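>>> Task: produce atomic coordinates for the following.
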Amino acid sequence: MNGSHRRTRGGCVNCKKRKRKCDEQRPRCMACIDRNIRCDGYAHPVRWVEGIASRGRFVGVRDPGLLLQPTETTTATSEADDHVAFPSPVESVETTPLQFPRHTVRVAEEDQNCISDEERIAFEKFLDTGLHQLFNAEVYCWLSVFFRALSKQSRALPLVGAALQAYYDNGWTVTAMERTDRAIRTFRADLDTLGSQRRSATICSGLLICSICLYQSRPITPYLRLLVDVHDLKGNLEGLKPNPLVHVPSHHVLEVLGVMDMTSFLIGRLHPSIGIWKRMRDLRSDTSHRVLGDIEAVTGLPRTLLDIFSEITEECSGISDIEAMFWCWTGCVGTIDQCHLWDSWRYAGILDVRRRWRNRWVPNAPCGNHVFNSLDPAASNEAVLCRLVASLDALSRKAKTVGGVEPSFLNKGLMFPFTLANLEIPLLKANPSWKSTLEEFQSVFLSNDNVTLGGSTVLILIKEAWEAGIYSFDIDQAARHRGVEIGIF
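Just a heads-up that it's a prediction; the model follows:
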């Protein structure tokens with residue numbers, strides 16, 4: 001091989017990192033192959049400053065900088081310095097996400113009208129197939145038409161859809177990360193030029209960016225707060241265009257925002273819930289109910305059950321009333337598997353409110369402490385957990401028997417009950433067969449991380465909880481310590 005041992009600046013990532021001679025063979029260098037290691041190719045990671053690559057065409061990006069950075073962020077970085085300081089997620093809580101670096105907007109304006117043919121094709125594929133990945137229920141037949149129409153109002157929407165489709169096709173490749181970066185910058189530019197307008201298209205773009213964040217276990221609450229502030233959603237929701245009171249797709253968009261905002265559905269959230277869902281339900285109309293039905297599409301849960309979840313707050317106020325609501329929930333008609341799923345969420349919700357209470361008032365309770373077993377006379381924690389495990393076991397047995405549950409999309413809505421069941425460590429240690437049932441459930445439904453938003457990260461935290469062995473293990477604090485937010489809806 002001519003010049004195979006010439007050290008150059010164009011070597012593969014592995015060889016450059018190890019200061020080793022590289023033969024620069026394509027697509028993978030022989031030096032790595034001979035050593036039986038994976039060659040990371042020639043797309044070198046670049047440094048990021050406030051979400052923008054410091055040079056190049058964004059290739060090899062390992063951190064797309066999805067969190068919105070404040071204008072005041074400074075970068076004391078020189079060309080000789082290989083490190084860029086990023087604000088921690090905890091620090092980001094205090095920032096004002098409405099302020100964007102001016103150069104960020106300028107860069108986005110340069111390519112806002114330069115959507116490539118490949119990106120347009122990817123966006124169309126996203127509307128046809130990728131959109132289904134975001135739902136735990138049957139996708140509304142009008143949704144792709146609605147998104148296609150909104151893409152003419154938002155420059156970021158087709159780019160975000162193309163980025164998601166690139167991820168669905170091949171994972172976090174260079175193409176997916178490059179498209180993600182461009183989509184985020186264009187989204188920021190859209191917000192900068194929005195003025196007093198309140199558009200469903202911009203909210204859709206933001207929610208899809210939140211989905212990208214969740215696939216990477218990155219915080220989304222700064223984006224949710226941003227969308228609420230920009231569109232003044234703390235005020236009159238009917239001011240959105242089109243009016244969600246009479247325009248069903250806009251109503252659906254705000255419902256999705258409300259779901260992502262719920263306290264229980266995000267582990268490690270940096271910002272408290274804004275309460276969008278409860279105010280959205282005040283806008284319900286006969287038209288929206290007739291078109292949208294009883295089941296919310298993203299979670300696959302009845303809206304009446306989500307109404308109860310929306311009552312849960314980080315302050316743990318009124319937990320006895322909330323638990324009573326779960327016990328009194330009358331249910332909804334669905335398939336047998338749907339009923340098992342909804343029951344598992346209901347029991348998990350009861351355990352969630354009890355968990356939040358004991359974490360708030362009785363920290364560091366040791367294993368074997370049964371003081372919490374009779375918080376409510378309706379059932380002990382052990383009885384609730386038993387019924388939760390039984391519901392999950394029914395779904396697992398059905399999937400193993402016939403090769404799946406009915407409808408098939410239900411396997412994407414199981415992370416919440418699975419996670420809450422695994423946090424009852426002392427009870428699982430006292431009932432090892434339940435732990436085995438959960439492990440079997442995991443092997444059936446969660447062995448492939450693609451079906452969940454942050455499955456692998458949740459499993460790491462569950463393992464940490466098991467090793468801690470205490471009733472009051474705070475999974476939210478553990479997630480914040482890692483700088484992640486994990487969607488389990």
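>>> Apart from its neighbours in sequence, what residue is nearest Ser154?
Ala201 (3.8 Å; Cβ to Cβ, 6 or more residues apart in numbering). Yep, even glycine has a C-beta here, placed from its N, CA and C like the rest.
>>> Wait, that neighbour touches Gln153, no?
Yes: using Cβ atoms under 8 Å, Ala201 is in contact with Gln153, at 3.9 Å.
>>> In terms of packing, which of these two has more residues around it?
Ranked by neighbour count (other Cβ atoms under 10 Å), Ala201 and Gln153 place Ala201 first, with 23 against 16.
>>> mind listing what the more buried one touches?
150-151, 153-154, 157 (Cβ atoms under 8 Å, 6 or more residues apart in numbering).
>>> mind running it again at 10 Å?
146-147, 149-157, 190, 241, 250, 253 (Cβ atoms under 10 Å, 6 or more residues apart in numbering).
>>> can you list the domains in this protein?
With domains defined by automatic domain parsing, the chain comprises 1-42, 90-288, 332-487.
>>> Between these, which one is closest to Asp321.
Nearest of the domains of the chain to Asp321, taken as Cβ to Cβ: domain 332-487 at 9.7 Å.
>>> how far away is the nearest residue to Met415 once chain neighbours are set aside from Val458?
Counting by Cβ to Cβ, 6+ apart, the nearest residue to Met415 once its immediate chain neighbours are dropped is Ile488, at 4.3 Å. Distance from Ile488 to Val458, counting by Cβ to Cβ, to the nearest Å: 7 Å.
>>> quick one: which of those two has more around it?
Neighbour totals were compared for Ile488 and Val458, and Val458 leads with 26 against 23 (other Cβ under 10 Å).
>>> Surely the more buried one is in contact with Asn422?
Yes: the pair Val458 and Asn422 qualifies as a contact (Cβ atoms under 10 Å) at a distance of 8.7 Å.
>>> Can you check which residues contact both of the two?
What both Val458 and Asn422 touch, as defined by Cβ under 10 Å, 6+ apart, is the set Ile475.
>>> Farthest pair within the contacts of Ala201?
Longest span within these, Cβ to Cβ: Arg155 and Ser250, 19.2 Å.
>>> coming back round to it: quick one, which of the domains of the chain gets closest to Ile308.
domain 332-487 (6.6 Å).
>>> mean confidence score for that closest one?
Mean pLDDT, domain 332-487: 81.
>>> Quick one: the domains of the chain as TSV, columns for distance to Leu305 too.
Output for the domains of the chain, formatted as TSV (distance: least, Cβ to Cβ, whole Å):
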stretch	distance to Leu305
domain 1-42	45
domain 90-288	12
domain 332-487	6
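>>> returning to what we had before: so which helix or strand takes in the residue nearest to Ser154?
helix 200-215 (DSSP states H and E).
>>> tell me the mean pLDDT for that helix?
What helix 200-215 shows for mean pLDDT is 89.
>>> Near the nearest residue to Lys278 once chain neighbours are set aside, how many other residues are there?
Closest residue in space to Lys278, ignoring its immediate chain neighbours: Ser310 at 5.0 Å, by Cβ to Cβ, 6+ apart. Number of residues near Ser310 (other Cβ under 10 Å) recorded here: 24.
>>> Contacts only, for Ser310.
By Cβ under 10 Å, 6+ apart, the neighbours of Ser310 are 258-259, 261-264, 273, 275-281, 303, 322.
>>> ok, so of those, who is nearest Leu207?
The closest of the contacts of Ser310, once distances to Leu207 are taken by Cβ to Cβ, is Val259, at 9.7 Å.
>>> residues contacting the closest residue to that closest one other than its chain neighbours?
By the measure of Cβ to Cβ, 6+ apart, the closest residue to Val259 outside its immediate chain neighbours is Val298, 5.3 Å from it. By Cβ under 10 Å, 6+ apart, the contact list for Val298 reads 134-137, 207, 211, 252, 255-256, 258-260, 265, 306, 412-413, 489.
>>> again, 8 Å this time
With Cβ under 8 Å, 6+ apart, Val298 has these contacts: 134-137, 255-256, 259, 489.
>>> Sitting in helices, which of these do you find?
Using DSSP state H to define helices, the subset of those located there is 255-256, 259.
>>> How many residues are close by Pro249?
21.
>>> How confident is the prediction for it, by pLDDT?
76.
>>> Is it within a helix or a strand, and which one?
helix 248-260.
>>> chain center to that helix, what's the gap?
16 Å (Cα atoms, centre = their mean, to the nearest Å).
>>> Show me what it packs onto, helices and strands only.
For helix 248-260, the packing partners by 3 or more Cβ pairs under 8 Å, 6 or more residues apart in numbering; DSSP states H and E come out as helix 143-150, helix 200-215, helix 221-230, helix 276-281, helix 286-292.
>>> Buried residues, the first one. List them.
I take that to be helix 143-150. Using 16 or more other Cβ atoms under 10 Å as the test for burial, helix 143-150 gives 143-144, 146-147, 150.
>>> related to what we said a few turns ago, just the angle between the helix holding Ala201 and helix 248-260, please?
30 degrees (axes from the mean of the first three to the mean of the last three Cα atoms, to 10 degrees).
>>> Also compute the angle for helix 200-215 relative to helix 143-150, please.
120 degrees.
>>> and helix 200-215, how far out from the chain's middle?
The answer for helix 200-215 is 10 Å, by Cα atoms, centre = their mean.
>>> Stretch 305-323 too?
So, by Cα atoms, centre = their mean, the centroid of stretch 305-323 is 22 Å from its chain's centroid.
>>> got it, and stretch 131-151?
With Cα atoms, centre = their mean, you get 18 Å for stretch 131-151.
>>> Contacts for that stretch next, please.
For stretch 131-151, the external contacting residues (Cβ under 8 Å, 6+ apart) are 123, 127-128, 157-158, 161, 164, 168, 200-201, 204, 211, 249, 252, 291-292, 295-301, 407, 409-410, 412-413.
>>> Would you mind checking the residues you listed for buried ones?
Buried among the contacts of stretch 131-151 (16+ other Cβ under 10 Å): 123, 127, 157-158, 161, 164, 168, 200-201, 204, 211, 249, 252, 292, 295-301, 409-410, 412-413.
>>> What is the end-to-end distance of stretch 211-228?
With Cα to Cα, to the nearest Å applied, stretch 211-228 spans 17 Å between its terminal residues.
>>> Tell me where the stretch 251-400 of the chain has helices.
Assigned by DSSP state H, counting those that start in this stretch, the helices in the stretch 251-400 of the chain fall at 276-281, 286-292, 303-309, 319-328, 336-361, 381-402.
>>> which stretches of the stretch 201-350 of the chain have low pLDDT?
235-236, 238-242, 283-292, 316 (pLDDT under 70).
>>> Please list all residues in contact with the closest residue to Phe489 other than its chain neighbours.
With sequence-adjacent residues excluded and distances taken as Cβ to Cβ, 6+ apart, Phe489 is closest to Phe265, at 4.0 Å. Phe265 is in contact with 259, 299, 309, 416, 487-489, counting by Cβ under 8 Å, 6+ apart.
>>> Greatest separation within those residues: which pair is it?
Farthest pair in the contacts of Phe265, by Cβ to Cβ: Phe309 and Gly487, 13.8 Å.
>>> So for the two, which residue has more residues nearby?
Phe309 (26 against 22).
>>> ok, that one - contacts?
Contacts of Phe309 (Cβ under 8 Å, 6+ apart): 262, 264-265, 349.
>>> got it, and Pro302?
If you count contacts by Cβ under 8 Å, 6+ apart, Pro302 has them with 294-296, 331-332, 342.
>>> now for the residues you listed, which pair is the farthest apart?
Glu296 and Gly331 (15.1 Å).
>>> List the contacts of Ile276.
With Cβ under 8 Å, 6+ apart, Ile276 has these contacts: 228, 233, 254, 257-258, 261.
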